[in-house]
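Asker: sequence and predicted structure below; questions after.
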Amino acid sequence: MTTTASDPVTPLFEMTGKALSGDPVMLRGLAAVLGAFSIRVLVALAILAVTLWAANRLASLVERSVTRVHRSQPADQTLSRFISGLVKYVVVAIGLVAVLQQLGVQATSVLAVLGAASLAIGLALQGTLGNVAAGVMILLLRPYRLGERVELNGRQGVVQGMDLFNTRLIDYDGLTLYVPNGKVFGDMIVNISRAGRRRVELSFGVDYADDLDLALGLLNELAQADARVLADPAPLARVSALADSSVTVMLRCWTSPDDWAEVRFALIKAVKESFEARGLSFPYPHQVTIERAPSAVAVRG
């Protein structure tokens, strides 16, 4: 049988069988092959040890570097761990290929098998891998961070957790929502907290006979009296529409995202009480009954 110098395993088995029969030439040949193979094994073990050491060192270095760049953002710990783990596995894979080549295994066939397996796994987990890719992009671009109020896929809440697969929200009903990162990144993301302020817009209807200047002045006073309403931009009160049975007056003011709901509730209550105290009315639909006089024909009959 023809063998190559780079494949010591096949001649090793052949010479072992002949050496067991007591052939001294084969015994010496077996010893030489075992010696050469032992050297290959030692070199392979050394390559493996260096690979593991280098993988751990490079992974730690990458994790520290990413953490140092995004030190103030806890969400970026997920990204740093993902990148460091990816670097570690890539280095280990390269080292294992070198180890197999040192032992005489053809790396091309191993890579072909790994490539086919990776393709099959990728097709089976394409949805999950899509979430991972979207999670990496979210962690890189950082459209939202932990603790911020956001709207994702039409649901609002506070970001409580982020990983490579899901974003965890606590909505205003106290429910925990797990939104897949693929759907988050593929849709519009509304960050409510990022600007640091949020506008409150309220509309009220007053009677056509009421004093509009008085109504607008009261709206401005009530907004300025609330300490949670921001002075800049200043509150704005205007007449916004002429409805069928009322004149619509509008109030716009700004507050922090955390106070938005409470400021809105408080202003609605204060406007109703203040308008009624100053003689302004809120028209509402009335039902009018019209009675017609009996017809002349009915009277003659």
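Answerer: All right, it came through fine.
Asker: could you list the low-pLDDT ranges of the stretch 1-150 of the chain?
Answerer: 1-35, 69-79, 107, 109-111, 113-114, 117-127 (pLDDT under 70).
Asker: ok, which stretches of it are strands?
Answerer: Counting by DSSP state E, counting those that start in this stretch, the stretch 1-150 of the chain has these strands, from start to end: 149-152.
Asker: nearest residue to Asp207 other than its sequence neighbours?
Answerer: Ser281 (4.7 Å; Cβ to Cβ, 6 or more residues apart in numbering). (C-beta placed from N, C-alpha, C; glycine too.)
Asker: ok, that neighbour - contacts?
Answerer: Residues in contact with Ser281, defined by Cβ atoms under 8 Å, 6 or more residues apart in numbering, are Val206, Asp207, Asp210, Phe275.
Asker: and with 7 Å instead?
Answerer: Counting by Cβ atoms under 7 Å, 6 or more residues apart in numbering, Ser281 touches Val206, Asp207, Asp210.
Asker: so which of those residues comes closest to Trp260?
Answerer: Trp260 has its nearest neighbour among the contacts of Ser281 in Val206, at 24.8 Å by Cβ to Cβ.
Asker: surely the closest one and Ser245 touch.
Answerer: No. Applying Cβ atoms under 7 Å, one finds Val206 not in contact with Ser245, separated by 10.6 Å.
Asker: more neighbours: the two, which one.
Answerer: Neighbour count, other Cβ atoms under 10 Å: between Val206 and Ser245, Val206 has more, with 21 against 11.
Asker: gap between the more buried one and Asp213?
Answerer: From Val206 across to Asp213, the span is 11 Å (Cβ to Cβ, to the nearest Å).
Asker: tell me the buried residues in stretch 38-47?
Answerer: Arg40, Ala44, Ile47 (16 or more other Cβ atoms under 10 Å).
Asker: still on that earlier bit, measure the residue nearest to Asp207 to Leu230 for me?
Answerer: Counting by Cβ to Cβ, the gap from Ser281 to Leu230 is 30 Å.
Asker: show me where the stretch 101-250 of the chain has its helices.
Answerer: Using DSSP state H, counting those that start in this stretch, the helices of the stretch 101-250 of the chain run over 107-124, 126-141, 181-185, 212-225.
Asker: quick revisit: got TSV for the contacts of Ser281, with pLDDT too?
Answerer: Putting the contacts of Ser281 into TSV (pLDDT from 0 to 100) gives the following:
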residue	pLDDT
Val206	94
Asp207	92
Asp210	93
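Asker: which one of those residues is nearest to Ala234?
Answerer: Closest to Ala234, out of all of the contacts of Ser281 and judged by Cβ to Cβ, is Val206, at 22.1 Å.
Asker: any chance of JSON lines for the buried residues of stretch 38-47, columns distance to Leu219?
Answerer: Below are the buried residues of stretch 38-47 laid out as JSON lines (distance: Cβ to Cβ, whole Å):
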{"residue": "Arg40", "distance to Leu219": "87"}
{"residue": "Ala44", "distance to Leu219": "81"}
{"residue": "Ile47", "distance to Leu219": "77"}
